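Trainee: got a structure for you, letters missing:
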């Protein structure tokens, strides 16, 4: 079996062609499922790592509010330099997504990002 190369299609990465030249649906679905599982696991590890780093920053600066660029900067310092250098945009977006989508944080334009558990 070989994988198909359909021009311009993201689906082509997952299409498996059998020896007669037809699409092998089962093998294609299996390949997609495997790649999707790998993606989900990688994203979960990234999210957990970001969560730990964000909370470590708020633990170190208990009660402080941060604007987004400052928080991103403090969080990035907690990752290996080589990882940050090669993946800065991905990490920056993931940090923003985590903070803005987590019920643990309040994001306000005027006061910045605040961890709600620090405001008791």
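Mentor: Yep, that arrived. Note that this is a predicted model, so its numbers are computed, not measured.

Trainee: phi, psi of residue 52?
Mentor: Main-chain dihedrals, residue 52, degrees, to the nearest 10: phi -60, psi -40.

Trainee: any idea how far residue 98 is from it?
Mentor: Shown here: residue 52 relative to residue 98, a distance of 11 Å by Cβ to Cβ, to the nearest Å. From N, CA and C alone the C-beta is placed, and that goes for glycine too.

Trainee: low-confidence ranges in this protein?
Mentor: Within the chain, the stretches with pLDDT under 70 are 1-9, 120.

Trainee: need the contact list for the residue lying closest to residue 53 once chain neighbours are set aside.
Mentor: On the basis of Cβ to Cβ, 6 or more residues apart in numbering, the spatially nearest residue to residue 53 that is not a chain neighbour turns out to be residue 78, at 4.2 Å. Contacts were defined as Cβ atoms under 8 Å, 6 or more residues apart in numbering; by that measure residue 78 touches 53, 56-57.

Trainee: just the buried members of those?
Mentor: In terms of neighbour count (16 or more other Cβ atoms under 10 Å), the buried residues within these are 53, 57.

Trainee: looking at the contacts of residue 78, which is nearest residue 109?
Mentor: Nearest to residue 109 among these is residue 57, at 20.1 Å by Cβ to Cβ.

Trainee: ok, and the closest non-adjacent residue to the closest one?
Mentor: Closest residue to residue 57 in three dimensions, ignoring its sequence neighbours and counting by Cβ to Cβ, 6+ apart: residue 74, at 4.5 Å.

Trainee: which secondary structure state does the residue of the chain positioned farthest from its centre sit in?
Mentor: Among the C-alpha atoms of the chain, the one most distant from their mean position (Cα atoms, centre = their mean) is that of residue 20, at 39.3 Å. Taking DSSP: H, G, I helix; E, B strand; the rest coil as the rule, one finds residue 20 in the coil state.
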